[in-house]
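Trainee: have a look at this prediction, sequence included:
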Amino acid sequence: MLKIEDNVDLKELEKYGFENGMRDLKNDEYSYVSILANRELYTMYNDDEYFVPTKEYEVDDLIKDGLVVKVDE
């Protein structure tokens, strides 16, 4: 499971395209990544009705910049 680091100010994520805790997936305007209250990252795909844990490639920019950590479930 992926989670935003505790020391990251969520306002900082606006420069990565997040607004109100969500951003569209790259190349898919109908699917998005959402930050839950506990800072875990989940994705809603356009053809699903529920959230699934976000995959690393969907937030590779955040991982590269050290804003996301992988945690055990």
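Mentor: Perfect, I can see it now. Residues are numbered from 1 along each chain as shown.

Trainee: could you pull out the strands for the protein?
Mentor: 2-4, 22-25, 28-35, 41-44, 51-53, 68-70 (DSSP state E).

Trainee: helices or strands up against the first one?
Mentor: This means strand 2-4. On a contact count with 3 or more C-beta pairs under 8 Å, 6 or more residues apart in numbering; DSSP states H and E, strand 2-4 meets strand 41-44, strand 68-70. For every residue, glycine as well, the C-beta is placed using N, CA and C.

Trainee: tell me the most buried of those?
Mentor: For the helices and strands packed on strand 2-4, the largest average neighbour count (mean count of other C-beta atoms under 10 Å) is found in strand 41-44, namely a mean of 18.

Trainee: strands paired with that one, and their directions?
Mentor: strand 28-35 (antiparallel), strand 51-53 (antiparallel) (DSSP bridges).

Trainee: which residues does F18 contact?
Mentor: F18 sits next to 10, 35 when contact means C-beta atoms under 8 Å, 6 or more residues apart in numbering.

Trainee: lowest confidence element among the helices and strands of the chain?
Mentor: The helix or strand of the chain with the poorest confidence is strand 28-35; it has a mean of 88 (mean pLDDT, DSSP states H and E).

Trainee: mind listing what's buried in it?
Mentor: Within strand 28-35, the residues scored as buried using 16 or more other C-beta atoms under 10 Å are 31-35.

Trainee: which residues touch that strand?
Mentor: Residues outside strand 28-35 that contact it (C-beta under 8 Å, 6+ apart) are 4, 10, 13, 18, 21-25, 41-46, 51, 54, 58-59.

Trainee: low-confidence ranges in this structure?
Mentor: Under the criterion pLDDT under 70, the flagged ranges of the chain are 73.

Trainee: now do the buried residues in stretch 56-63.
Mentor: Neighbour-count burial for stretch 56-63 [16+ other C-beta under 10 Å]: 58-59, 62.

Trainee: mind checking how far the residue lying farthest from the centre of the chain is from L10?
Mentor: Distance from the centre of the chain peaks at D47, with 18.2 Å (C-alpha atoms, centre = their mean). The gap separating D47 from L10 is 28 Å, by C-beta to C-beta, to the nearest Å.

Trainee: appreciated, that's everything.
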